[in-house]
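Quick check, what structure comes out for this input:
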Amino acid sequence: MELGNLQQLQFLYLGPNNLTGTIPVSFGNLTSLVGLVVAQNDLYGTIPEELGDLSNLQQLYLGRNQGLTGSIPISLSNMSSLQSIDFACELWQHASACDFVSRMEQVKFEDWIFLAHFRTGKVPAEIGSISSLTSLGLGTTELDDPIPSEIAMLENLQLLSLENNRLSGSIPFEFGNLKMLNTLYIYGNKLSGAIPDSLGNLSSLEHLELGENALLSEIPQSIWNLTRLIELDHSENVFQGSLSSAISKMKALDSSSISMNQLSIPQVLSDLINIAYLNLSCNNFSGVIPDSLANLRRLNSLNLSFNKLEGVIPNKGAFLNHTVISLVGNKALCGSPKLGFPLCSSNVSVSHSKSRLHSLKCILPAIAFALIIVLGLYIHLKSHKGRSKNSNTTGTQFRNNYRLISYHELVCAPENFSDANLLGRGAFGSVYKGQLD
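Residues are numbered from 1 along each chain as shown. You can find the predicted model right below:
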């Protein structure tokens with residue numbers, strides 16, 4: 001039976017298979033068709049103009065048929081019901097793609113996965129005119145020009161996928177206007193410059209992957225305001241400075257890779273209560289391993305390899321599960337033979353304890369001072385109570401037997417506590433001699 005005769009057919013899914021040949025012209029007769037998927041086959045030739053007659057079509061997936069050639073038929077812009085498109089054909093001309101895109105401005109797209117391998121390597125700027133677009137996929141499509149800022153005009157965009165291309169230039173500052181964006185994938189390109197502060201405005205963002213580029217400078221503080229982030233990848237860039245302790249605000253974070261940069265590590269990471277995967281390898285992290293890492297209870301993969309860490313490896317929390325920890329390349333670490341590190345010498349243990357003792361040296365004097373004040377108040381109140389009970393007897397007897405000395409006399413007797421009258425010093429103070437008049 002000829003497929004083109006099935007005029008009541010609503011869904012035709014033929015991929016992925018190993019189908020060969022051309023797309024039948026008779027597919028234009030399937031006027032009831034809602035979904036047409038012939039992606040991931042070995043089809044060749046041109047796209048039939050007749051497909052433009054499928055006015056009810058909502059899904060059109062033609063991608064990953066490397067033999068498809070020619071231009072995108074303008075007739076396809078008549079498909080007013082289209083919601084989702086997948087184009088991935090090697091030899092489509094950029095000019096025809098731009099013409100097609102400009103004609104689709106009035107189509108109410110919910111999802112457009114536009115995967116065309118343009119010969120000029122450009123993302124058509126005209127794509128910014130399709131304001132209803134919610135998803136745009138241009139990953140692995142051999143694009144090699146700067147990202148057009150016109151993409152930021154897609155105010156309803158929720159997913160933007162530009163990964164694994166050769167895109168150059170910087171991340172457009174205008175991307176901060178994509179307030180509905182949930183997912184941003186730009187990893188695996190040749191992007192340079194700093195991350196724009198404006199990305200911190202994307203309050204709906206849950207997935208941010210900027211790895212494998214040449215981004216530099218410091219990671220802007222605004223990024224740590226994206227508290228809904230679940231996935232964060234800044235790996236294989238040239239970020240410098242200290243990894244901000246503000247990362248601890250990302251309590252929803254499940255997976256993060258910041259490896260292969262030039263960053264130093266913050267001491268406080270224990271607030272990342274949902275983190276399961278954390279890769280901090282190949283950076284400039286130095287000093288002892290923060291205890292806060294041992295308190296991450298959901299952690300099932302921690303990579304701290306090839307840094308400059310030293311001292312005792314924590315013996316608690318995630319560090320007890322040797323199958324999820326990688327510390328290779330930190331030669332100054334010790335205390336975990338199961339991870340391939342020798343036992344610590346007494347000197348190392350002492351130096352590791354010094355960091356904790358340093359904080360105690362600041363805290364203990366304050367505690368001791370407070371205790372002295374409390375004790376002094378207690379003694380004062382106790383003696384005052386005793387004096388009040390015996391005010392008629394003891395007080396009178398004391399006044400009769402001994403002369404009361406004023407504070408002025410007490411100061412003048414040792415000549416204002418002069419060192420010449422100092423007799424000695426002890427644990428409770430200094431002793432002076434003096435002559436009363």
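
Only C-alpha atoms from now on, for both contacts and neighbour counts.
OK.

do you know how far Ile273 is from Gly193?
32 Å (C-alpha to C-alpha, to the nearest Å).

Compare those two and say which one has the larger neighbour count.
Ile273 (18 against 14; other C-alpha atoms under 10 Å).

Is the nearest residue in space to Trp224 that is not next to it in sequence in a helix, a strand, or coil?
Computed as C-alpha to C-alpha, 6 or more residues apart in numbering, the closest residue to Trp224 that is not its neighbour in sequence is Ile247, at 5.5 Å. Judged by DSSP: H, G, I helix; E, B strand; the rest coil, the three-state class of Ile247 is helix.

And Leu229, by the same measure?
Leu229 ends up coil, using three-state DSSP.

Please name the nearest non-neighbouring residue to it.
Glu206 (3.9 Å).

List the contacts of that neighbour.
By C-alpha atoms under 8 Å, 6 or more residues apart in numbering, the contact set of Glu206 is Asn182, Thr183, Arg228, Leu229, Ile230, Glu231.

how near is it to Glu231?
6 Å.

before we move on, what about Ser326?
From Ser326 across to Glu231, the span is 21 Å (C-alpha to C-alpha).

what's the answer for Gly188, then?
With C-alpha to C-alpha as the criterion, Gly188 and Glu231 are 16 Å apart.

The nearest residue to Phe173 once chain neighbours are set aside: how many residues sit nearby?
Nearest-residue entry for Phe173: Pro196, 5.6 Å, with adjacent residues in sequence omitted and distances by C-alpha to C-alpha, 6+ apart. By the measure other C-alpha under 10 Å, the count of residues near Pro196 is 18.

got it, and Thr20?
Residues near Thr20, counting by other C-alpha under 10 Å: 12.

what sits opposite it in the beta ladder?
As for beta bridges, Thr20 partners with Asp42 under DSSP bridges.

right, and it touches Tyr44 too?
Yes - at 7.3 Å, Thr20 and Tyr44 qualify as touching, with contact defined as C-alpha atoms under 8 Å.

which ones are touching Ser264?
Contacts of Ser264 (C-alpha under 8 Å, 6+ apart): Gln240, Gly241, Ser242, Leu243, Asn283, Asn284, Phe285, Ser286.

ranking these by neighbours, who comes first?
Phe285 (24 neighbours).

Pretty sure Arg166 sits against Asp144.
Yes - using C-alpha under 8 Å, Arg166 is in contact with Asp144, at 4.2 Å.

element containing the nearest residue to Ala332 once chain neighbours are set aside, please.
Distances taken as C-alpha to C-alpha, 6+ apart place Glu310 nearest to Ala332, at 4.5 Å, with adjacent residues excluded. Element membership for Glu310, per DSSP states H and E: strand 308-312.

Quick one: residues contacting Tyr187.
Tyr187 neighbours (C-alpha under 8 Å, 6+ apart): Leu162, Glu163, Asn164, Glu209, Leu210, Gly211, Glu212, Asn213.

Show the model's pLDDT score for it.
For Tyr187, the model assigns a pLDDT of 96.
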